[in-house]
Each structure stands twice: as C-alpha cells, then as structure tokens.
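K.L.:
A structural model of the following input is requested.
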Amino acid sequence: MTLRRIPLGDLTFDVDVDGPADGPAVLLLHGFPHSRESWVDVAPILNDAGLRTIAPDQRGYSDGARPTDVADYALPLLAGDALGILDALGVESAHVAGHDWGAAVAWYLGARHKDRVRSLVALAIPHLDAYQHAFRVDEEQQHGSQYVEMLMSSGSAQEFLADDSAQLRAWFLQAGEGVLTPGQVERYVHKHSQPGVLDAALNWYRANNLLGEPFEFGTVSVPTTFVWSPSDFAVSKLSVAETAGHVTGPYRLATLPETSHWQPQQAPEAVAAEILRLATAEQEAR
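P.N.:
Down below sits the predicted model:
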C-alpha cells in the first residue's frame with residue numbers, strides 16, 4: 001500500500017492508495033472499531049483486477065483529522081470527507097464499498113450524492129432508514145441495538161481503556177474470535193488506545209443517533225449490493241428485508257452464512273467478488 005496524507009481544510013487524512021492510477025476507483029470506507037487496515041486483504045484482489053483502491057482512516061481515526069466536538073462527526077461531514085478525498089485525488093466518481101459505519105457513509109453517498117457513486121456495496125449495516133424502521137417495530141432489532149446506548153455514553157471510552165485497555169482487548173477478542181489473529185487484535189487495541197482515538201470513534205455514535213430521529217436518507221438509485229451475515233446479532237432480518245425497498249436501482253442481497261460481522265477480514269475474497277461484480281457490470285454498460 002502507498003500511504004498518502006491528504007489535507008482537507010484544517011484536517012489531514014491518512015489514505016492508502018494502490019492499484020493502477022488509470023484504473024476505475026474504489027473508495028473503501030472502514031467502520032468501528034476498525035481502521036483502513038480492514039481492507040488489507042480485500043484491496044490487493046481489487047488491484048490485481050485493475051481497480052485503483054482508496055482506503056482512508058476516516059475522521060477521528062487519522063491523527064491529523066481528530067476534532068473534539070461531537071457535532072464534528074455528523075454524517076454530512078463524514079460524507080464530505082469522503083468526497084473531499086476523491087476530489088483531492090482527481091476522482092470524479094468511484095465505486096464505493098463501506099463496512100459498519102463506513103456502510104452508513106456509503107448509503108448516505110449513494111442517496112445524496114449519486115453522481116459521485118458508480119456502484120455501492122454495503123457490508124453488515126443495512127440502509128439506515130430500514131434499520132431505524134426495524135428498531136421502532138421489531139423486537140429482534142431492538143435487542144440487537146442494545147449495545148448502541150452503551151457506546152453513546154460519555155464515559156464509554158474511559159471504561160474501555162481502563163486497566164491497560166482490558167475491556168477493549170476483551171471486546172476485540174470476543175467479537176473477533178476465530179477471525180482476528182492475536183497480532184491484529186493488538187494492532188487494533190494499540191490504535192484505539194492512542195490519545196483521543198477511541199473517544200473520537202465513539203463520537204460517530206453520539207453525533208448520529210441510530211435510535212433517535214429518522215435520518216431520512218432517501219432512496220438509492222445506483223447499482224447496490226448489501227452483504228449480510230445472518231450470525232451478526234446487530235442486524236435483524238426485518239431491517240435486511242426492508243433495505244430492498246430503499247433501493248430503486250439494481251439491487252442484490254448477498255448472504256455470507258459462514259461469516260460474522262468482520263466480513264472484510266473473514267471473507268476478503270467474497271467481499272472483493274461483490275465489489276468486482278458491480279464494477280465489471282458498470283464498465284461493460286459504458
């Protein structure tokens with residue numbers, strides 16, 4: 001990977017850029033509590049297929065892009081970062097793939113900035129309008145969303161980082177059991193134990209209340225794939241089913257029964273294949 005540091009106003013983002021400079025661009029957006037390292041197994045597959053990958057450490061994760069106010073993590077600003085990075089690299093439009101909170105940003109881009117999105121692959125998190133509807137009416141989604149309030153609390157970062165990050169390390173070991181190697185766990189723990197990183201990452205939850213007022217993203221008209229793992233407790237079957245109703249363009253639900261929430265790490269070939277399927281179809285249609 002080639003690390004680029006891209007300034008956007010007062011913020012500077014760490015961005016891995018690789019693959020042929022003239023290849024179709026793929027913007028890879030990580031989630032919580034990850035980093036651009038989420039894509040280290042996916043990006044080379046895309047590069048070998050001729051695609052140019054752009055994987056930033058998003059707002060709060062890049063050392064030069066870590067404002068302290070909760071309001072600075074609202075979704076329109078997070079999406080603006082993604083667009084600014086594309087602008088800085090001279091990319092008019094890109095295939096967009098996002099995991100977890102990165103999927104939320106991807107859905108926002110697909111709904112509000114469709115001219116910049118050639119195709120969309122959302123991993124783990126459904127369209128947020130569908131998610132919020134399910135939370136209001138569905139006991140399964142209400143149960144799956146219980147962790148959100150804990151992450152939104154003002155003292156959650158301190159609890160995770162107490163006793164040499166014991167709770168954070170345990171969380172990674174449990175959530176990533178059978179997926180993350182001990183070395184990956186320690187790298188993620190080290191990343192999120194640095195001053196301000198975890199609190200900034202949790203500001204994504206605080207600034208964008210998944211359980212509150214409807215986001216009302218609107219529909220997505222670009223070719224879209226939602227990648228779902230049935231064993232992911234955070235997403236109910238209803239929120240998955242409702243997602244199709246928020247996509248007016250070609251839509252596909254890809255189910256990965258053998259994976260958990262950590263899809264880019266656990267099934268990089270399958271994730272890359274879904275991105276490539278849409279990218280190839282779009283290129284052939286041109």
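
K.L.:
and stretch 237-254, end to end?
P.N.:
13 Å (CA to CA, to the nearest Å).

K.L.:
got a list of contacts for it?
P.N.:
Contact with stretch 237-254 is made by 126-127, 129-131, 133-135, 137-138, 140-141, 217, 219-228, 230, 270, 274, as judged by CB atoms under 8 Å, 6 or more residues apart in numbering. Heads up, the C-betas are built off the backbone N, CA and C, glycines and all.

K.L.:
quick check: mean pLDDT of it?
P.N.:
On average, the pLDDT along stretch 237-254 is 97.

K.L.:
local confidence estimate at Ala175?
P.N.:
In this model, Ala175 carries a pLDDT of 68.

K.L.:
an error on my part: the question was meant for Ala103.
P.N.:
98.

K.L.:
next structured bit after the helix or strand containing it?
P.N.:
Using DSSP states H and E, Ala103 maps to helix 101-112. Toward the C-terminus, helix 101-112 is succeeded by strand 117-123 as the next helix or strand (DSSP H and E).

K.L.:
residues touching that following strand, excluding its own?
P.N.:
24, 93-100, 102-103, 106-107, 109-110, 220, 222-227, 263-264, 271, 274-275, 278-279, 281-282.

K.L.:
going through these, which ones are buried?
P.N.:
24, 93-100, 102-103, 106-107, 109-110, 220, 222-227, 263-264, 271, 274-275, 278-279, 282 (16 or more other CB atoms under 10 Å).

K.L.:
and Phe13, what element?
P.N.:
strand 11-18.

K.L.:
in the stretch 1-150 of the chain, which spans are strands?
P.N.:
2-8, 11-18, 25-29, 52-56, 94-99, 117-123 (DSSP state E, counting those that start in this stretch).

K.L.:
reformat those strands as JSON lines; add distance to Ala65 and mean pLDDT.
P.N.:
Shown next, in JSON lines, are the strands of the stretch 1-150 of the chain (distance: least, CB to CB, whole Å; pLDDT from 0 to 100):
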{"stretch": "strand 2-8", "distance to Ala65": "8", "mean pLDDT": "96"}
{"stretch": "strand 11-18", "distance to Ala65": "4", "mean pLDDT": "98"}
{"stretch": "strand 25-29", "distance to Ala65": "14", "mean pLDDT": "98"}
{"stretch": "strand 52-56", "distance to Ala65": "9", "mean pLDDT": "98"}
{"stretch": "strand 94-99", "distance to Ala65": "17", "mean pLDDT": "98"}
{"stretch": "strand 117-123", "distance to Ala65": "22", "mean pLDDT": "98"}
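
K.L.:
what would those look like in TSV with distance to Phe160?
P.N.:
Formatted as TSV, these follow (distance: least, CB to CB, whole Å):
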stretch	distance to Phe160
strand 2-8	27
strand 11-18	22
strand 25-29	23
strand 52-56	23
strand 94-99	20
strand 117-123	23
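
K.L.:
please identify which of those strands is closest to Val235.
P.N.:
strand 117-123 (10.9 Å; CB to CB).

K.L.:
pairing partners for that closest one, with directions?
P.N.:
According to DSSP bridges, strand 117-123 forms sheet pairs with strand 94-99 (parallel), strand 224-228 (parallel).

K.L.:
for Gly212, which of the ones you listed is the nearest?
P.N.:
Of the strands paired with strand 117-123, nearest to Gly212 by CB to CB is strand 94-99, at 21.1 Å.

K.L.:
tell me the angle that closest one makes with strand 52-56.
P.N.:
Angle between the axes of strand 94-99 and strand 52-56 is 50 degrees (criterion: axes from the mean of the first three to the mean of the last three CA atoms, to 10 degrees).

K.L.:
run a quick neighbour tally on Pro268.
P.N.:
19 (other CB atoms under 10 Å).

K.L.:
pretty sure it contacts Leu28?
P.N.:
No - in this structure, Pro268 is not within contact of Leu28 by CB atoms under 8 Å, at 11.5 Å.

K.L.:
thank you kindly, that will do.
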